[in-house]
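> Next come a sequence and a model predicted from it.
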Amino acid sequence: MACSMTIDAVRDQTKTVTRRKVGSWESLKPGDRLTLIEKGMGLPKGAKQVVICEVEVVDVRVEPLSRITEAECAAEGFPQYTPFEFAAFWMAGHGYALPADERAVNRVLCRRIEWRYLDGEPS
């Protein structure tokens, strides 16, 4: 899983949650292991993916984007964002129209993925 916008938070192991479009990662379940990488798409010819670490999924669920809290913003690697700022940022990055207000955020579903770091455990 690519973490190009939160590389430092992944390296510091302060990022423990990510949100993806609801139609992606549908078969992911608790106990699955993921390799977090810096960038997965758009690499120049001959470039290789840079592995950051291995994690184990502890929770996966579909929920309204509006459920984001300040604590969740921090877990996402964006402690400086308010929930509405994060929602607007997430929506823009995932092809949604920017929300006019918080009601627009209520209509967007996302897949929330939480993990724990394996710290060198075998994958």
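That came through fine.

> Let me know the distance separating Gln13 from Ala75.
Remark: distance between Gln13 and Ala75 (CB to CB, to the nearest Å) = 11 Å. Yep, even glycine has a C-beta here, placed from its N, CA and C like the rest.

> which one of these two has more residues nearby?
Ala75 (19 against 13; other CB atoms under 10 Å).

> where exactly do the helices run in this structure?
In the chain, the helices defined using DSSP state H lie at 7-11, 70-75, 83-93, 102-106.

> Packing partners of the first one?
The contact analysis (3 or more CB pairs under 8 Å, 6 or more residues apart in numbering; DSSP states H and E) places helix 7-11 against strand 51-64.

> Now do the contacts for the nearest residue to Leu109 once chain neighbours are set aside.
Using CB to CB, 6 or more residues apart in numbering and skipping residues adjacent in sequence, the residue nearest Leu109 is Val22, 4.4 Å away. Applying CB atoms under 8 Å, 6 or more residues apart in numbering, we find Val22 in contact with Val62, Leu109, Cys110, Arg111.

> isn't Lys39 right up against Met5?
No - look at Lys39 against Met5 with CB atoms under 8 Å: they stay out of range, at 9.9 Å.

> hmm, back to that, between the helices of the chain, which gets nearest to Glu54?
helix 7-11 (11.1 Å; CB to CB).

> Reformat the helices of the chain into JSON lines and put mean pLDDT and distance to Pro44 next to each item.
Formatted as JSON lines, those follow (pLDDT from 0 to 100; distance: least, CB to CB, whole Å):
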{"stretch": "helix 7-11", "mean pLDDT": "94", "distance to Pro44": "18"}
{"stretch": "helix 70-75", "mean pLDDT": "97", "distance to Pro44": "32"}
{"stretch": "helix 83-93", "mean pLDDT": "92", "distance to Pro44": "22"}
{"stretch": "helix 102-106", "mean pLDDT": "79", "distance to Pro44": "36"}
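
> Look up how far Leu28 lies from the residue most central in space within the chain.
Central residue of the chain (CA atoms, centre = their mean): Thr18, 2.1 Å from the mean position. Thr18 sits 11 Å away from Leu28, going by CB to CB.

> any idea how far Thr18 is from Cys3?
On the measure of CB to CB, Thr18 and Cys3 end up 7 Å apart.
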